[in-house]
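[1] okay, here's the prediction I keep looking at, along with the sequence it came from:
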Amino acid sequence: MDMSCFSLTGKVALVTGASYGIGFAIAKGMASAGATIVFNDIKQELVDKGLAAYKEAGIDAHGYVCDVTDEDAVNNLVATIEKEVGVIDILVNNAGIIKRIPMCEMTAAQFRQVIDVDLNAPFIVAKAVIPSMIKKGHGKIINICSMMSELGRETVSAYAAAKGGLKMLTRNICSEYGEYNIQCNGIGPGYIATPQTAPLREIQPDGSRHPFDQFIISKTPAARWGDAEDLAGPAVFLASDASNFVNGHVLYVDGGILAYIGKQPQ
Ligand code: NAP
Ligand code: GCO
């Protein structure tokens, strides 16, 4: 088998919210496979920080300020990228937030804010890039889902609802645009050590690990939190020609947690 099918050379990849965290790791992996990296963040200072981090990694990335929930701003971003960099071949809908609040204490505005970033925005950005993918005759869309696309837990009602919806949006983009050689798949990370999960890993005042940290270790066969870099290879696969017949699939990169009932109490 010719392994060049994993190459992303000549491809333009937009990774949303990729100044750091999972998006940054995925973008670095795609750059290593030859892609030209474009990313956005809400604040110029974060875009600048991201550009410096990419440069330090030897990547000449293109960074733009854009709130992915703002449809006009997203449409302008895509038009600017097409003018300044090139047509987007690969979209990674990575930008996301979480609010950990018991549902009956969460306001409707807080619930809507999570849905807006984690579900409405992937719709907005995918809708903005698909027309040019159709014209170009190919496209790859990767939605960053979650274990919460499959499971619930206390305090993450809005996030789980959004990520469950994102799994179904992934399947629907596959259904509507597969005939145009557009593959839309999801990546479902397990528990990954990034700023988003830092509160769940805080060392306790007595120096012990956070109870949730210990819980995740006991529920994960790999007995560790994932690193953002664990997601780079799966993302390159789903962005490359190696996955041209993979569509509507959510690839869980979770150390086996979804397959495991959890370590028996000793
Ligand atoms: P993170 O460290 O919190 O980074 C999220 C990124 O998204 C930040 O750069 C953030 O920018 C950006 N962002 C947020 N709202 C935005 C908006 N409206 N417009 C543009 N950018 C926005 O999160 P992460 O852990 O890397 O997670 C990345 C993705 O993976 C998210 O979709 C998350 O739900 C998902 N995920 C994470 C885990 C995990 O365990 N970490 C597991 C499964 C799935 P600002 O800093 O400016 O807010
Ligand atoms: C949480 C965590 C999770 C992870 C991830 C798991 O509070 O449970 O933040 O939601 O972010 O989504 O796949």
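    Now that the structure is in, tell me what you want to look at. Ligands and ions are numbered 1, 2, ... in the order given.
[2] which stretches of the stretch 101-250 of the chain have low pLDDT?
    Of all residues in the stretch 101-250 of the chain, none has pLDDT under 70.
[3] helices along the stretch 151-266 of the chain, start to end?
    Counting by DSSP state H, counting those that start in this stretch, the stretch 151-266 of the chain has helices at residues 157-177, 211-219, 232-239.
[4] can I get those helices in a markdown table with distance to A35 and mean neighbour count?
    Quick note: C-beta positions are derived from backbone N, CA and C, even for glycine. Converted to a markdown table, the helices of the stretch 151-266 of the chain look like this (distance: least, CB to CB, whole Å; neighbours: other CB atoms under 10 Å):
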| stretch | distance to A35 | mean neighbour count |
| --- | --- | --- |
| helix 157-177 | 20 | 20 |
| helix 211-219 | 31 | 16 |
| helix 232-239 | 7 | 22 |
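[5] looking at those, which is nearest to C5?
    Nearest of the helices of the stretch 151-266 of the chain to C5, taken as CB to CB: helix 232-239 at 9.7 Å.
[6] circling back to that earlier point, tell me which of the helices of the stretch 151-266 of the chain sits nearest to K49.
    Each of the helices of the stretch 151-266 of the chain has some distance to K49 by CB to CB; the shortest is helix 232-239, at 19.9 Å.
[7] which strands and helices sit next to that closest one?
    Using 3 or more CB pairs under 8 Å, 6 or more residues apart in numbering; DSSP states H and E, the elements in contact with helix 232-239 are helix 21-32, strand 90-93, strand 139-144, strand 182-189, strand 250-253.
[8] which residues sit against the last one?
    Put plainly, it is strand 250-253. 145, 147, 149-150, 167, 170, 185-190, 226, 230-231, 234, 237-238, 258 (CB atoms under 8 Å, 6 or more residues apart in numbering).
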